[in-house]
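A.B. asks: everything below, folded, please.
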Amino acid sequence: MASRDPVADLRRIAFLLERANEATYRVRAFRSAAATVSKTPPDELAARVEAGTLAKLPGIGDVTARCVAESLAGEEPVYLRRLTAAEGTEIPAAAAALRAALRGDCHVHSDWSDGGSPIEEMALAAADLGHEYFVLTDHSPRLTVARGLTADRLRRQLDHVAMLNEALPDGFRILTGIEVDILEDGSLDQEEELLARLDVVVGSVHSKLRDDASRMTRRMVTAIGNPHLDVLGHMTGRKVSAAGEGDAAHRRARTRPPSDFDLEKVLAACLDHGKAIEINSRPDRLDPPKRMLTVAVEAGCVFSIDTDAHAPGQLDWLDFGCGRAALCGVPADRVVNTWTAERLLEWTGSHG
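C.D. replies: Residues are numbered from 1 along each chain as shown. Below you'll find the predicted structure:
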């Protein structure tokens, strides 16, 4: 197979990243690599690909080296293929179609933990938005700062939800659930018997987010293997600067980098166990990042587009998640909350 032009491929990647308003340092990395490759004799490039030493050239890192190697082998670089996958798609129209396909929301909080409104107020607001269901996912006990539910409080909540469902408008129901903490050893922060009773379990990491990659990977993979977990919540734990949240210094103080982990191993675990990856729609999360989301789409994962709402008005944040999903080519039939409640429950029941 004839080789491609690695310089052209690197420059095209930089252009597409810039057009997508990605971080400047990422754009610069591909442009710097293109400049280095353009000055390096073809024979030396080929020899370095063979020896695995491309990344020792100035301006070339592991990711750009892989792109160069693929290009020289005559293959479109995987990174470039991911960026161009959504080209030709009318993103606003695709996002609107995906939003219209959503039947519910699998990650919602109430004032039983750290939400601001009663369950019934959240439910009525969701019904007004046209939802058929939402999953009530208040926090688990270890997250004391969020008034996580003890086993006894969760049992009382289940009884309360059963009562509310009798009184809610026809065509809408509350599904029982939890956002359960993934503990340091990968176990889930609630009694097994209770987790088995819930309709949907979202599992998220909330502590030691800066742990080293190997420990974080083991922690996440272990949790994904738990038969009670259905959805991996806000998988990187990052916080991004949300427009409108105070001055620039205040917004910077509220940001948090993503956790380090082996993405391929985490995605493989989700595929092996049939678990969904959450596309978190909160403007201060937008998790996972687009580059990870695109990899997960290519891997064949299923997703749940959720608001992580803590107040009624936040239930309408699904547009943010749908926009990112459309940009990364997420098919509607691989989004679990486009399914009916009955199909969703069949899926979650298949993990036990």
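
A.B. asks: any low-confidence regions in the stretch 1-150 of the chain?
C.D. replies: Scanning the stretch 1-150 of the chain for pLDDT under 70 picks out the ranges 1, 20-23, 85-91.

A.B. asks: all strands of it, in order?
C.D. replies: For the stretch 1-150 of the chain, strands defined by DSSP state E, counting those that start in this stretch occupy the ranges 104-108, 133-136.

A.B. asks: what element comes up after the helix or strand where Ile178 lies heading to the C-terminus?
C.D. replies: Assigned by DSSP states H and E, Ile178 belongs to strand 173-181. Following strand 173-181 in sequence order, the next helix or strand is helix 192-197 (DSSP H and E).

A.B. asks: mind exporting the C-alpha coordinates of that next one to PDB?
C.D. replies: Provided in PDB are the C-alpha atoms of helix 192-197 (Å, rounded to 0.1, in the frame of the first residue of the first chain):
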ATOM      1  CA  GLU A 192     -25.900  -5.600  47.700                       C
ATOM      2  CA  GLU A 193     -29.500  -6.400  48.600                       C
ATOM      3  CA  LEU A 194     -30.600  -2.800  48.000                       C
ATOM      4  CA  LEU A 195     -28.700  -2.500  44.800                       C
ATOM      5  CA  ALA A 196     -30.400  -5.600  43.500                       C
ATOM      6  CA  ARG A 197     -33.800  -3.900  44.200                       C
END
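
A.B. asks: same for it, what does it pack against?
C.D. replies: On a contact count with 3 or more CB pairs under 8 Å, 6 or more residues apart in numbering; DSSP states H and E, helix 192-197 meets helix 151-167, strand 173-181. Any C-beta I mention is one placed from the backbone N, CA and C, and that applies to glycine too.

A.B. asks: now do the strand holding Ile178 against helix 151-167, angle only.
C.D. replies: Angle between the axes of strand 173-181 and helix 151-167 is 160 degrees (criterion: axes from the mean of the first three to the mean of the last three CA atoms, to 10 degrees).

A.B. asks: give me the spatial nearest neighbour of Arg285, chain neighbours excluded.
C.D. replies: Nearest residue to Arg285, sequence neighbours excluded (CB to CB, 6 or more residues apart in numbering): His234, at 5.4 Å.

A.B. asks: assess the claim that Val297 and Cys328 are in contact.
C.D. replies: Yes: taking contacts as CB atoms under 8 Å, Val297 lies within contact range of Cys328: 5.6 Å.
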